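# Provide a 3D model corresponding to the input given below.
(4 chains)
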There are 2 protein chains.
Amino acid sequence: MLTRSEEDHIKAVHTLLQDGATAGTKDLAERLDIKASSVTVMLKKLAGKGLLKHEPYYGVKLTAKGKAAALKLVRKHRLWETFLVERLGFKWNEVHDVAEQLEHVQSEKLTESLAQYLGDPAFDPHGDPIPDRNGRMTERDTLPLTECSAGAHMRIVAVKDGSDTLLHLLDGKGLGIGMRFAVIARHAFDDSVELQGDKAAHLTLSAQVAAHLLVELLPKGKSRKP
Amino acid sequence: MLTRSEEDHIKAVHTLLQDGATAGTKDLAERLDIKASSVTVMLKKLAGKGLLKHEPYYGVKLTAKGKAAALKLVRKHRLWETFLVERLGFKWNEVHDVAEQLEHVQSEKLTESLAQYLGDPAFDPHGDPIPDRNGRMTERDTLPLTECSAGAHMRIVAVKDGSDTLLHLLDGKGLGIGMRFAVIARHAFDDSVELQGDKAAHLTLSAQVAAHLLVELLPKGKSRKP
DNA sequence: TCACCAATTTAGCCTTGTCTAATAATTTTA
DNA sequence: TAAAATTATTAGACAAGGCTAAATTGGTGA
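Take a look at the predicted model:
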């Protein structure tokens, strides 16, 4: 059984590694909003419990045990986010803090009942994959919309690091996970992107916005059927 | 903002007072499963925050502020219990520990969204009243089945202090909240009670079981309609 | 009324997780 | 390559919330 702080540290390590960053003492301190010296102490403790390996000035790696613990937390976090959005009517940007609390509730039965209740979803409301009970996630080929060439057909599958203001903008344009578009043009001048939706919907997105949208390419011509 | 331990203490005081017991240092220590000396310290802290008044050797009383805090916790606890049973398929006896964790999640919006999602229930799966957002509870005239005279028509509205074994027994007999019965007989020898349900269901309950069932009397003759 | 028993509090200690300040180790840069 | 900058660790302190042991308080029975 891990304490709340131990769980927070494990998850922070996992998130950093997932993003391709190194998980050094300093990086963890920033992410957890505590001092580096506190992180040092906790890393020692977690290494002692066999959850991670710590190589100073190089970074932390999770052991299999640590990885499993992290994935369990990610699973719980994303299941709760799904619940909050799909059942309780929260907006994308309102769920994080609450899910952060709910993910620490300890009950195997609760987690699995919730998953089943939600229909064992494979992706959360932000489009991020939800690990199954064994820690396995559905893989998808995605790319940022900024790297999508003109003429491509695609579907929006995830929103990266959605801040309040970004989500507000997307809401305003009626954009959401799962929507399909054709890329009409990419303007070299400002890297903005023009999209054409199914129903005469025509949109222009700035490079900043496009960079936050992950899309999945669709076979051409089939603009409707999956 | 209260800490988890502060919340636990406040709720323990409230529960004891609710049951008509006095909330002395020792009683609280027993209920919280900590030592009396620890309770003393915490009571001092809570009194300092204006949540309760402490009269040594006499007992603790909650202030209006303390009462409000306690009712908020009770509300959250019972809403979560309702969610767990009605939506996730938990049994009566499986919900307490999980609800104990969930009740500490801090989010006004979560609480109210959950309440709305559940249809603003006035009673939880054990039949206990759920305080509304202002702390008000629906009142009901109830009495233990042991005090119900022969010939009376009644409905089971709550199960007091349901242990695993009691709930298992009730399940086995097909008994649940909301069911209507006529009291056929009360046997002086062992205080057992005989009940007659709508559909030829005939049951005998021991005094021990009957004492745990709270019932609401129904106008005679109307065995069907509320 | 006095002595005892139970309830309560006080005093001092421990653990967890944090902090600050000082020190050490490593990498970067000039 | 040596100084500077960055990163990490250690040492000592503190707050929260628990514990044990000892002292205190209040009620009660002989």
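
# okay, CA-based contacts and neighbour counts for the rest of this
OK.

# tell me which element residue A:71 is part of?
helix A:64-86 (DSSP states H and E).

# Now for the residue most central in space within chain A: which residues touch it?
Nearest to the geometric centre of chain A sits residue A:128, at 4.2 Å (Cα atoms, centre = their mean). Residue A:128 is in contact with A:78, A:158, counting by Cα atoms under 8 Å, 6 or more residues apart in numbering or on different chains.

# again, only this time at 10 Å
Neighbouring residues of residue A:128 by Cα atoms under 10 Å, 6 or more residues apart in numbering or on different chains: A:78, A:122, A:137-138, A:157-160.

# Against DNA strand D, how distant is it?
The gap separating residue A:128 from DNA strand D is 28 Å, by Cα to the nearest atom of the strand, to the nearest Å.

# Now do that residue against residue A:121, distance only.
Counting by Cα to Cα, to the nearest Å, the separation of residue A:128 from residue A:121 is 11 Å.

# Check which helices and strands the helix or strand bottoming out on mean pLDDT in chain A sits against.
The weakest-scoring helix or strand in chain A, judged by mean pLDDT, DSSP states H and E, is helix A:164-173 (a mean of 90). With contacts taken as 3 or more Cα pairs under 10 Å, 6 or more residues apart in numbering or on different chains; DSSP states H and E, helix A:164-173 sits against strand A:153-159, strand A:202-205, helix A:207-210.

# Now do that helix and strand A:153-159, the angle between them.
140 degrees (axes from the mean of the first three to the mean of the last three Cα atoms, to 10 degrees).

# so how far is stretch A:41-50 off the chain centroid?
Stretch A:41-50 has its C-alpha centroid displaced from the chain centroid by 26 Å (Cα atoms, centre = their mean, to the nearest Å).

# Kindly report the same for stretch A:190-206.
Worked out by Cα atoms, centre = their mean, stretch A:190-206 lies 24 Å from the chain centre.

# got any ranges where chain A has weak pLDDT?
For chain A, residues meeting the criterion pLDDT under 70 lie at A:220-226.

# Up against DNA strand D, what does it have?
A:24-27, A:36-41, A:54-59 (Cα under 7 Å from any atom of the strand).

# Stretch A:194-213: which residues count as buried?
Going by neighbour count (16 or more other Cα atoms under 10 Å in any protein chain shown), the buried part of stretch A:194-213 is A:194-197, A:203-205, A:207, A:209-213.

# and what of stretch A:118-132?
Neighbour-count burial for stretch A:118-132, counted by 16+ other Cα under 10 Å, picks out A:118, A:121-132.

# Please apply the same query to stretch A:180-195.
A:180-186, A:191-195.

# Close to chain B: what parts of chain A are there?
A:84, A:87-90, A:94-95, A:97-102, A:104-107, A:109-110, A:112-118 (Cα under 10 Å from any Cα of the partner chain).

# can you give me the helices in chain A?
A:4-18, A:25-32, A:36-48, A:64-86, A:96-102, A:108-117, A:164-173, A:207-210 (DSSP state H).

# and the residue nearest to residue A:11 when sequence neighbours are not counted, how many residues sit next to it?
Closest residue to residue A:11 apart from its sequence neighbours, by Cα to Cα, 6 or more residues apart in numbering or on different chains: residue A:70 at 5.1 Å. Other residues within reach of residue A:70 by the criterion other Cα atoms under 10 Å in any protein chain shown amount to 24.

# now do residue A:37
Residue A:37 has 12 nearby residues by other Cα under 10 Å.

# Looks like it contacts residue A:44 (just checking).
No - using Cα atoms under 10 Å, residue A:37 is not in contact with residue A:44, being 11.0 Å away.

# Could you turn the buried ones of the contacts of residue A:128 into a ChimeraX selection?
Only the buried entries of these go into this ChimeraX selection, using 16+ other Cα under 10 Å:
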select /A:78,122,137,157,158,159,160
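
# Just give the closest residue to residue A:191, not the sequence neighbours.
Residue nearest to residue A:191 in three dimensions, not counting chain neighbours: residue A:207, with 5.2 Å by Cα to Cα, 6+ apart.

# ditto for residue A:31
Nearest one to residue A:31, counting by Cα to Cα, 6+ apart, is residue A:12 at 6.9 Å.

# try residue A:26
Nearest non-adjacent residue to residue A:26 (Cα to Cα, 6+ apart): residue A:36, at 5.5 Å.

# and what of residue A:43?
Once flanking residues are discounted, residue A:43 sits nearest to residue A:54: 7.2 Å by Cα to Cα, 6+ apart.

# I'd say residue A:94 and residue A:82 touch.
No - using Cα under 10 Å as the test, residue A:94 is too far from residue A:82 to be in contact (11.7 Å).

# ok, those two, which is more surrounded?
Ranked by neighbour count (other Cα under 10 Å), residue A:94 and residue A:82 place residue A:82 first, with 26 against 16.

# OK, contacts around the more buried one?
For residue A:82, the contacting residues are A:76, A:88-90, A:92, A:95, A:99, A:114-115, A:118, A:121, A:123-126, A:130, by Cα under 10 Å, 6+ apart.
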